[in-house]
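J.: predicted model and sequence follow; I will ask about them next.
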Number of protein chains: 2
Amino acid sequence: MDEFMQAAIDEARQGLAEGGIPIGSVIVHDGRIIGRGHNRRVQQGSAIRHGEMDAFENAGRQPAAVYRAATLYTTLSPCAMCSGAILLYGIRRVIVGENQTFLGEEELLRSRGVSVEVLQDETCIGLMRDFIAASPQLWNEDIGVVDASR
Amino acid sequence: MDEFMQAAIDEARQGLAEGGIPIGSVIVHDGRIIGRGHNRRVQQGSAIRHGEMDAFENAGRQPAAVYRAATLYTTLSPCAMCSGAILLYGIRRVIVGENQTFLGEEELLRSRGVSVEVLQDETCIGLMRDFIAASPQLWNEDIGVVDASR
């Protein structure tokens, strides 16, 4: 396992331990993690703190040249919001743990020149599969799936 | 002036008064503002708190049906990140103060079925024009424009 995807998985597990949604992310520049985070919807009642967004926020204000040379690791295929943040900041390379439980905006990213590599990692798949089975309503709320019962 | 765009402008002016970037946004559901916000890059050192994102965050966790029936007002054309959040949550109608000082991802939004109306409001244009003239580096950092000098 790549040490940076392992760090993203560690973030996802920390989120799960906090009662949250197990998605983690790290942003790597020049061989070093400059931002790490995990989904905080439950923990902070946040609509915008997805794992990738939390990593951006924790990386703080960086020069454009840093984002351009950075790689973003995420345990799950990035949704429209997180993909938009990747485009805004000009991240050129994204490593995705898995896209079997949710397929995000990978095609949009590729159409804008972003390199997207999907590992289909069994640990990442298992984290989401178990979570969705246990908390389907929370997952549907987070990813904005329309549910007529709500 | 529409009362909701006026509320977004009030948010932008509040951000300017705080020393920040003058972009504001409100989310309206059933004739009522459920979330309001302004860019907080300077105030909170935040990479993700654009005006629209701040409005989403302040609206808190809402049911999918609320987002689907909501209208988002923003003083400036929404960037890739904020447009992604609009898509994630299924907002179907966006009212934009102006897109002359910055043109965001309006075409992407329209291609996904979102109604985007641009007012070209002189107050919104003036707020951004004056701000960019006074603080070009801050603006370029916020919107992720590559500047070789940084």
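T.: Looks like it came in fine. Numbers count the residues shown, from 1 in each chain, chains lettered A, B, ... in the order given.
J.: in the biggest helix by length in chain A, which residues are buried?
T.: Secondary structure of chain A per DSSP state H: the longest helix is helix A:3-17. Neighbour-count burial for helix A:3-17, counted by 16 or more other CB atoms under 10 Å in any protein chain shown, picks out A:Phe4, A:Met5, A:Ala7, A:Ala8, A:Ile9, A:Glu11, A:Ala12, A:Arg13, A:Gly15, A:Leu16. Any C-beta I mention is one placed from the backbone N, CA and C, and that applies to glycine too.
J.: ok, the third one - contacts?
T.: Contacts of A:Ala7 were listed using CB atoms under 8 Å, 6 or more residues apart in numbering or on different chains, and they are A:Gly24, A:Val26, A:Ile33, A:Arg36, A:Tyr73.
J.: you'd agree the fourth one is up against A:Ile9?
T.: No - with contact defined as CB atoms under 8 Å, A:Arg36 does not count as touching A:Ile9 (11.3 Å).
J.: chain center to the worst-scoring helix or strand of chain A on mean pLDDT, what's the gap?
T.: The weakest-scoring helix or strand in chain A, judged by mean pLDDT, DSSP states H and E, is helix A:136-143 (a mean of 81). Offset of helix A:136-143 from its chain centre (CA atoms, centre = their mean, to the nearest Å): 15 Å.
J.: contacts for it, please.
T.: Applying CB under 8 Å, 6+ apart, the external contacts of helix A:136-143 come out as A:21, A:39, A:41-42, A:50, A:79, A:102, A:131-132, A:145, A:147, A:150, B:61, B:63-64, B:88.
J.: out of those, list just those in strands.
T.: Among those, DSSP state E puts none in strands.
J.: out of those, which comes closest to A:Glu57?
T.: A:His50 (10.3 Å; CB to CB).
J.: residues in contact with the closest residue to chain B within chain A?
T.: For chain A and chain B, the shortest gap (CB to the nearest CB) falls at A:Gly84, measuring 2.5 Å. A:Gly84 is in contact with A:Glu105, B:Cys79, B:Ala80, B:Met81, B:Cys82, B:Ser83, B:Gly84, B:Ala85, B:Leu87, B:Glu105, counting by CB under 8 Å, 6+ apart.
J.: these in strands, which ones?
T.: Among the contacts of A:Gly84, no member falls in strands (DSSP E).
J.: so can I have JSON lines of the residues you listed showing pLDDT and distance to B:Val94?
T.: Compiled in JSON lines, those are given as follows (pLDDT from 0 to 100; distance: CB to CB, whole Å):
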{"residue": "A:Glu105", "pLDDT": "98", "distance to B:Val94": "18"}
{"residue": "B:Cys79", "pLDDT": "97", "distance to B:Val94": "12"}
{"residue": "B:Ala80", "pLDDT": "98", "distance to B:Val94": "14"}
{"residue": "B:Met81", "pLDDT": "98", "distance to B:Val94": "14"}
{"residue": "B:Cys82", "pLDDT": "98", "distance to B:Val94": "9"}
{"residue": "B:Ser83", "pLDDT": "98", "distance to B:Val94": "9"}
{"residue": "B:Gly84", "pLDDT": "98", "distance to B:Val94": "13"}
{"residue": "B:Ala85", "pLDDT": "98", "distance to B:Val94": "11"}
{"residue": "B:Leu87", "pLDDT": "97", "distance to B:Val94": "11"}
{"residue": "B:Glu105", "pLDDT": "98", "distance to B:Val94": "10"}
